[in-house]
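J.: Structural data only, the sequence is not supplied:
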């Protein structure tokens, strides 16, 4: 690289993490440019404010010049992208974003949170506690979280970086899991439940990438894993020279009158988060913070003010009779854990749980059996899917009868039309009844604000 600050170009800059990384590098003083064939809000406004928004959408190989120090390639781009081909012809170094994050954090202690579920919540808890106690740290998280302007922070001086480690592929050129490029000093595996069926066609190929994560850690290192998850145990309990392996489970807690209390050495403390899976997340975060120099008392002083990650058991609205939640849940294990958590918190209320089949995996007939009985804790279970989404993904049609069979509930209600789902929800008496909406999509464009207002009266 040149002696001046690097000059970096992003191909497919409009992605959630990509545009945040671009903004983080701009804040670090780098010269940053980008391109994409479509850029939506909020990326468009944020890139424009930073002077990074391309003047025209689309690809233009003239943007690739020999003085570039790096090109960062997003997963949205294709191998025949003209800008990528120009960079390769010129010999400009091309990175996936996780490769470049590693390049920028080689001299830092790297903490990676991995697993099929809970990654964003655990990462958010750690960031919240570190910020509360005014530690200096960098981070990469897969969602916008309260109290942080960006999803990525990269500085010259922060001694630690906390990374949400996604197992999805890094780029069109690097068809390996993103988290394999980070080589963490501290890693956590929250659980292993087959996901991303389109790139991990067998469960063995899926678990193997987590095994590679653990094998590729820096030594000495620390590996945490959920001891109640059999597949996480198979990965985390393999003896590895130079690694301290720490099993964890849910932190001791009690639920009373719709409130959760952690049973700490210093006494009971009320928490804003709830559900056994979140108390597992909390305990994993606590142990990592301890490894970063924050003791248990200081951890709980901070975590009491943690309200949860966005779209993770997020409250959309409530009154004295009804509480409406939204969750990003899409993996079968998360659907089951989230449904159980809401039912446990309000054991005396009826629970209506609505889940949208939206991802490639969830719409695949070979994968759907993994959802069997995941909605059993709901008093009324609903599944929504859009035939249009199946068409767009070029996947075979699914019948409501097949969905019922896959979920193992004969009384399952299946909707394929947003207006019909909305009408059904409106028809219910919501006194002493809660609603849980689970999706990585939008239930076909359901107006959540209007729906919540209508249901709560």
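T.: Perfect, I can see it now. Because the structure is a prediction, the values reported are computed rather than measured.

J.: Below-threshold pLDDT in this protein: ranges please.
T.: 1-3, 197 (pLDDT under 70).

J.: Can you tell me the closest non-neighbouring residue to residue 414?
T.: residue 400 (3.8 Å; Cβ to Cβ, 6 or more residues apart in numbering). In short, each C-beta sits where N, CA and C put it, glycine included.

J.: Do a quick rundown of the helices in the stretch 101-250 of the chain.
T.: 119-132, 203-215, 230-236 (DSSP state H, counting those that start in this stretch).

J.: measure residue 188 to residue 379 for me?
T.: Using Cβ to Cβ, to the nearest Å, we find residue 188 at a distance of 34 Å from residue 379.

J.: swap that for residue 30, please
T.: Distance from residue 30 to residue 379, by Cβ to Cβ: 53 Å.

J.: So which of those two has more stuff around it?
T.: Between residue 30 and residue 379, residue 30 has the larger neighbour count (other Cβ atoms under 10 Å), namely 18 against 13.

J.: Next, the contact list for that one, please.
T.: 5, 6, 7, 8 (Cβ atoms under 8 Å, 6 or more residues apart in numbering).

J.: try residue 310
T.: Applying Cβ under 8 Å, 6+ apart, we find residue 310 in contact with 143, 144, 145, 146.

J.: Tell me the most packed of those, by neighbour count.
T.: Busiest of those [other Cβ under 10 Å] is residue 145, holding 23 neighbours.

J.: Find the nearest non-adjacent residue to it, please.
T.: Here the residue nearest residue 145, using Cβ to Cβ, 6+ apart, is residue 124, at 4.8 Å.

J.: Run the chain-centre distance for the lengthiest helix in the chain.
T.: In the chain, with assignment by DSSP state H, the single longest helix is helix 276-291. How far helix 276-291 lies from its chain's middle: 16 Å, per Cα atoms, centre = their mean, to the nearest Å.

J.: What is the subsequent helix or strand relative to that helix?
T.: helix 296-303 (DSSP states H and E).

J.: Does anything pack onto that next one? Which helices or strands?
T.: Judged by 3 or more Cβ pairs under 8 Å, 6 or more residues apart in numbering; DSSP states H and E, helix 296-303 is in contact with helix 119-132, strand 259-264, helix 276-291.

J.: on that earlier part again, quick check: buried residues in the longest helix of the chain?
T.: 276-289 (16 or more other Cβ atoms under 10 Å).

J.: Now those residues in CSV, please, with extra columns for distance to residue 254.
T.: What follows is these, written out as CSV (distance: Cβ to Cβ, whole Å):
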residue, distance to residue 254
276, 12
277, 16
278, 14
279, 10
280, 16
281, 17
282, 14
283, 15
284, 20
285, 20
286, 17
287, 21
288, 24
289, 23
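
J.: how far away is the spatially most central residue of the chain from residue 114?
T.: For the chain, residue 120 is the residue whose C-alpha lies nearest the centre (Cα atoms, centre = their mean; 4.5 Å). Applying Cβ to Cβ, the value for residue 120 to residue 114 is 12 Å.

J.: can you check residue 65 too?
T.: 37 Å.

J.: Residue 22 should be in a strand, yeah?
T.: No: counting by DSSP: H, G, I helix; E, B strand; the rest coil, residue 22 is located in no strand; its state is helix.

J.: can I assume it is in contact with residue 52?
T.: Yes: with contact defined as Cβ atoms under 8 Å, residue 22 reaches residue 52; the gap is 5.6 Å.

J.: So the two - more neighbours on which side?
T.: residue 22 (29 against 19).

J.: Could you report the distance from the more buried one to residue 49?
T.: For residue 22, the distance to residue 49 - Cβ to Cβ - is 12 Å.

J.: Tell me which other helices or strands whichever strand or helix holds residue 453 touches.
T.: Here residue 453 is covered by helix 448-456, with elements defined by DSSP H and E. Applying 3+ Cβ pairs under 8 Å, 6+ apart, one finds that helix 448-456 makes contact with strand 314-318, strand 323-327, helix 418-427.

J.: Go ahead and name everything in contact with the longest one.
T.: Identification of contacts with helix 418-427 by Cβ under 8 Å, 6+ apart yields 352, 354, 382, 384, 413, 415, 435, 443-446, 451, 454-455.

J.: ok, for residue 428, nearest residue in space, not its chain neighbours?
T.: residue 352 (7.0 Å).

J.: doesn't the one you found fall inside a strand?
T.: Yes: the assignment for residue 352 is a strand, going by three-state DSSP.

J.: That one: neighbour count?
T.: Residues near residue 352, counting by other Cβ under 10 Å: 24.

J.: The longest helix of the chain - contacts with which helices or strands?
T.: helix 119-132, strand 186-189, strand 221-226, strand 243-248, strand 259-264, helix 296-303, helix 332-345.

J.: 6 Å instead?
T.: helix 119-132, strand 221-226, strand 243-248 (3 or more Cβ pairs under 6 Å, 6 or more residues apart in numbering; DSSP states H and E).

J.: what's next to it, contact-wise?
T.: 118, 121-122, 125-126, 129, 186, 188, 222, 224, 226, 248, 250-251, 253, 299, 337 (Cβ atoms under 6 Å, 6 or more residues apart in numbering).

J.: go with 8 Å
T.: Counting by Cβ under 8 Å, 6+ apart, 111, 113, 117-118, 121-122, 125-126, 129-130, 186, 188, 190, 222, 224, 226, 228, 246, 248-251, 253, 260, 262, 271, 273, 296, 299, 303, 308, 313, 334, 337-338, 340-341, 344 sit against helix 276-291.

J.: In contact with residue 72, which residues are there?
T.: So residue 72 contacts 8, 9, 10, 11, 18, 21, 94, 95, 96, 97, 100 (Cβ under 8 Å, 6+ apart).

J.: Sheet partners, orientation included, of the helix or strand harbouring it?
T.: Residue 72 belongs to strand 70-73 when assigned by DSSP H and E. Strand 70-73 has the following strand partners under DSSP bridges: strand 7-11 (parallel), strand 94-96 (parallel).
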